[in-house]
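[1] Generate coordinates for the sequence data below:
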Amino acid sequence: MRERLLVRHFLTRFMEHDLISANADRRAVVAVVGGALTAVSLFTSVLIAAWYQLNRVPPGLTSVRSVDDRFLFVSASMLVMALLAVSQWDALSLDARDTAVLGILPIPKAVIIRAKFYAVAVLAAGTAVACNLAPTLFRFASVPINLPIRGRDTLILVLAHAVSTFSAGAFGFLAIFGLREALMAVFGQDRFRSISSALQAALLVVLASTLLLLPGSSMNVAHKWSTGEGVVTRSLPPAWFVGLNETLAGAVIDDLPHYRPQRFLVVRERNATDLYRSLWPLYRRQSRLAIEGLVAVALLTVVASAWNSRRLPAPGVRHRSRSLAITDVWKWAVARLVVTSSVQQAGFWFTLQTLPRRLNHRAALASSFAVGLSLVVFTVGERILTVHADVATVPPTILAVQWLLLASVLTGFRQATQVPSDLRASRTFSLAWTGDTGSYLSGVKRAAFVGLVLPILLILFAWHATVLGPAIAALHFAVGAVFSVLLIEVLFLRYHRLPFVSAYEPTVELKSHGVLYVLVMLVLSFVLAGIERFALGAMFRYVVLVSVAAGLGAAVTTLARVWRRSMMVVEIEDEPKLTTQSLGLAG
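    Numbering: from 1, shown residues only. You can find the predicted model right below:
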């Protein structure tokens, strides 16, 4: 009974919401995410099953296409479970707050640690079921209706799909979990904290971008594996579990009678059958790698977790480091050139210090960057290193990269500002508040430009200087800087709260209009790219373009200042009153 209550306590910690708003309920967010995950997997499964049911495909072509489907589902399971582990990065193991709350109770340490890992296992199992249940149940329908498959063989297909997808999901989750625990065991708790946030953000960007690009990369998998192009692809972990699936159930379809299909399919069917059968040795090697890899990450996770759990974690003590000369110069330059008033400086530094420290803010920025990066890879493709000497021949896609990344990241920043840094500090903030909302918001927006826009522009400048030349890259950089200021002003035009301070208020715009917003952003990016390419042809047109953008930015700033005077309502929510909680752990 006591252990069950502890497991329930840790599960609620995964949905913690007390530092966002006293009235916020993260369970609603969990319900939305879980429902969306189940709906997407169900829709994909039905769509794939419908294609098979509506087409009469011979066994050879069915086997080759099935490899693509298995790669899609296995990769999705692995990436979703890995993203789950990254999103719960700090909650995967006990922390100092658990020690402060539970360590003083008369509960054996082993019971607390065991309950924590039970809760993590329940969370992972529930997510794996939501992601893989629908594709597993619809596996029986993902075969052409004309193939004579018996009930026993259908059961083999379903079980093989379940084993491969759930195993891939376990591998993805344990790989991230094991990586975290291994790094903590090697570097120690204090040093690991110094790299934890950056590593989590990097993993979020990589995994989210890969997941968004998955539909395009899961096509013609078998053909890629049979050529030199697939050397890297078939060495990736998802390919291991596809090989496991084919080893367990690939013979079900391959052993069916290969009747003579329609005339236009005869050559394709023969080539597909030869291709699929030529990969059997690869399937067996991949299945062995899948089993060995799963066992290896499981052992790594268990050993590293056991080592880190020798004692309950203690609160970390941060030692103030000496201020470097370059840091002093940076602070002086910001105070003299970027933000001059004290309130502006408060908003500027508070923003830059808040963004990397809180999971909600890191997740919003990393996810938005992943969306932008995926759109860039999808639109640019193989032309990413193509050199263009003439402005007239520059594809709009190359110029649109800057707009796609900036629009995505700044939209994520706008979303992140709605989440308070720490609701418990709102009372202290209210004591020091001067009422100068415009200056504070100006500091926040300038922090977005300095901390987010400039690094992106500098990175893209290095690429554009290579493919477009330094002169065009410099002009493109300037246009990006001016339009970024305009975009920031537009995004905060009707913003009537205090960024990173006011309690979180969930909105429905992003959830209901997210896809439409991405489409509009994509269209506008290419429209701006086309206009810019036209303007780059003559210096007069370029000056007009920059002047118009600067004028629009100034107009939006003035309009926002007028609106803010009439509609700005500062809402600083106090820390919710603490209530005594009885865990009932005595029994």
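
[2] Next, count neighbours for residue 392.
    9 (other Cβ atoms under 10 Å). C-beta here means a position set from N, CA and C on the backbone, and glycine is covered the same way.

[3] Then residue 327?
    Residues lying near residue 327 (other Cβ under 10 Å) number 11.

[4] pLDDT value on it, please?
    Confidence at residue 327, expressed as pLDDT, is 73.

[5] Send me the helix or strand where it lies as PDB with only the CA atoms.
    Taking DSSP states H and E as the criterion, residue 327 maps to helix 325-333. Output of helix 325-333 as PDB, limited to C-alpha atoms (Å, rounded to 0.1, in the frame of the first residue of the first chain):
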ATOM      1  CA  ALA A 325      36.900  40.500 -18.400                       C
ATOM      2  CA  ILE A 326      34.900  39.600 -21.500                       C
ATOM      3  CA  THR A 327      31.800  39.300 -19.400                       C
ATOM      4  CA  ASP A 328      32.300  42.700 -17.900                       C
ATOM      5  CA  VAL A 329      32.800  44.200 -21.400                       C
ATOM      6  CA  TRP A 330      29.600  42.400 -22.600                       C
ATOM      7  CA  LYS A 331      27.500  43.800 -19.700                       C
ATOM      8  CA  TRP A 332      28.900  47.300 -20.300                       C
ATOM      9  CA  ALA A 333      28.100  47.100 -24.000                       C
END
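
[6] right, and the helix or strand after that helix?
    Per DSSP H and E, the first helix or strand lying C-terminal to helix 325-333 is helix 342-354.

[7] Now do that next one: everything it contacts.
    The contact list for helix 342-354 (Cβ atoms under 8 Å, 6 or more residues apart in numbering) reads 334-335, 338-339, 361, 421, 434, 436, 439-444, 446-448, 450-451, 499-500.

[8] picking up where we left off before, just the angle between the helix holding residue 327 and helix 342-354, please?
    Helix 325-333 runs at 140 degrees relative to helix 342-354, counting by axes from the mean of the first three to the mean of the last three Cα atoms, to 10 degrees.

[9] Adjust the sequence numbering to begin at 365 for everything that follows.
    All right, first residue 365 from here; so that's helix 689-697.

[10] Got the domain ranges for the chain?
    Residue ranges for the domains of the chain, per automatic domain parsing: 366-672, 696-931.

[11] and the first one, how far out from the chain's middle?
    Right, domain 366-672. Remark: domain 366-672 is offset 16 Å from the chain centroid, using Cα atoms, centre = their mean, to the nearest Å.

[12] cool, stretch 729-745 as well?
    Relative to its parent chain, stretch 729-745 has a centroid offset of 11 Å by Cα atoms, centre = their mean.

[13] in it, what counts as buried?
    Of the residues in stretch 729-745, 729-741, 743-744 count as buried by neighbour count, 16 or more other Cβ atoms under 10 Å.

[14] Which members of those residues occur in helices, if any?
    Among those, the members falling in helices (DSSP state H) are 729-741, 743-744.

[15] tell me which of the residues you listed is nearest to residue 549?
    Using Cβ to Cβ, residue 730 comes nearest to residue 549 of those, at 25.1 Å.

[16] show me the residues around that closest one that make contact.
    Per Cβ under 8 Å, 6+ apart, neighbours of residue 730: 565, 568-569, 572.

[17] ranking those by neighbours, who comes first?
    Counting neighbours by other Cβ under 10 Å, residue 568 comes out on top of the contacts of residue 730 with 24 neighbours.

[18] Tell me how many other residues crowd the closest residue to residue 466 other than its chain neighbours.
    In space, and not counting its chain neighbours, residue 466 is closest to residue 476: 5.4 Å by Cβ to Cβ, 6 or more residues apart in numbering. A count of nearby residues for residue 476, using other Cβ under 10 Å, gives 22.

[19] and what of residue 622?
    For residue 622, the count of nearby residues is 13 (other Cβ under 10 Å).

[20] thinking again about what came up before, now the buried members of the contacts of helix 706-718.
    698-699, 703, 725, 785, 803-808, 810-812, 814-815, 863-864.

[21] Helix, strand, or coil at residue 458?
    The three-state assignment at residue 458 reads coil, by DSSP: H, G, I helix; E, B strand; the rest coil.

[22] you'd agree it is up against residue 480?
    Yes. With contact defined as Cβ atoms under 8 Å, residue 458 counts as touching residue 480 (5.6 Å).

[23] okay, and the common contacts of the two?
    Here residue 458 and residue 480 have no joint contacts, going by Cβ under 8 Å, 6+ apart.

[24] what's the nearest residue to residue 421 if we skip its chain neighbours?
    In this structure, residue 421 finds its nearest non-sequential neighbour in residue 508, 4.5 Å apart by Cβ to Cβ, 6+ apart.

[25] so that neighbour touches residue 418, yeah?
    No. Contact criterion Cβ under 8 Å: residue 508 and residue 418 do not qualify, at 9.2 Å.

[26] Which of those two has more residues huddled nearby?
    Between residue 508 and residue 418, counted using other Cβ under 10 Å, the more crowded position is residue 508 (19 against 9).

[27] mind checking how far the more buried one is from residue 490?
    Residue 508 sits 34 Å away from residue 490, going by Cβ to Cβ, to the nearest Å.

[28] quick revisit: between the buried residues of stretch 729-745, which sits nearest residue 540?
    When these are ranked by distance to residue 540 (Cβ to Cβ), residue 730 comes first, at 14.2 Å.

[29] Which residue, neighbours along the chain excluded, lies closest to that closest one?
    Leaving aside its chain neighbours, residue 730 sits nearest to residue 568 (3.7 Å; criterion: Cβ to Cβ, 6+ apart).

[30] looking at it, the one you found is touching residue 450, isn't it?
    Yes. Counting by Cβ under 8 Å, residue 450 is a contact partner of residue 568 at 5.5 Å.

[31] before we move on, the earlier item: rebuild the contacts of residue 730 as TSV, extending it with secondary structure, pLDDT and distance to residue 670.
    As requested, the contacts of residue 730 are exported to TSV (DSSP: H, G, I helix; E, B strand; the rest coil; pLDDT from 0 to 100; distance: Cβ to Cβ, whole Å):
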residue	secondary structure	pLDDT	distance to residue 670
565	helix	87	28
568	helix	90	27
569	helix	89	31
572	helix	89	31
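
[32] Adding distance to residue 621, write those out as a markdown table.
    What follows is the contacts of residue 730, written out as a markdown table (distance: Cβ to Cβ, whole Å):
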| residue | distance to residue 621 |
| --- | --- |
| 565 | 54 |
| 568 | 49 |
| 569 | 49 |
| 572 | 45 |
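
[33] Pick the one among those residues closest to residue 906.
    residue 569 (33.0 Å).

[34] which helices and strands does the one helix or strand residue 880 maps to pack with?
    Here residue 880 is covered by helix 873-899, with elements defined by DSSP H and E. Here helix 873-899 touches helix 723-744, helix 760-780, helix 834-855, helix 903-931, going by 3 or more Cβ pairs under 8 Å, 6 or more residues apart in numbering; DSSP states H and E.

[35] Select, out of those helices, the one closest to residue 691.
    So among these, helix 723-744 is nearest, using Cβ to Cβ, at 22.3 Å.

[36] can you tell me which residues contact the nearest residue to residue 623 once chain neighbours are set aside?
    Nearest non-adjacent residue to residue 623, counting by Cβ to Cβ, 6+ apart: residue 422, 7.0 Å away. Residue 422 makes contacts with 622-623, 625, 629, 633, as judged by Cβ under 8 Å, 6+ apart.
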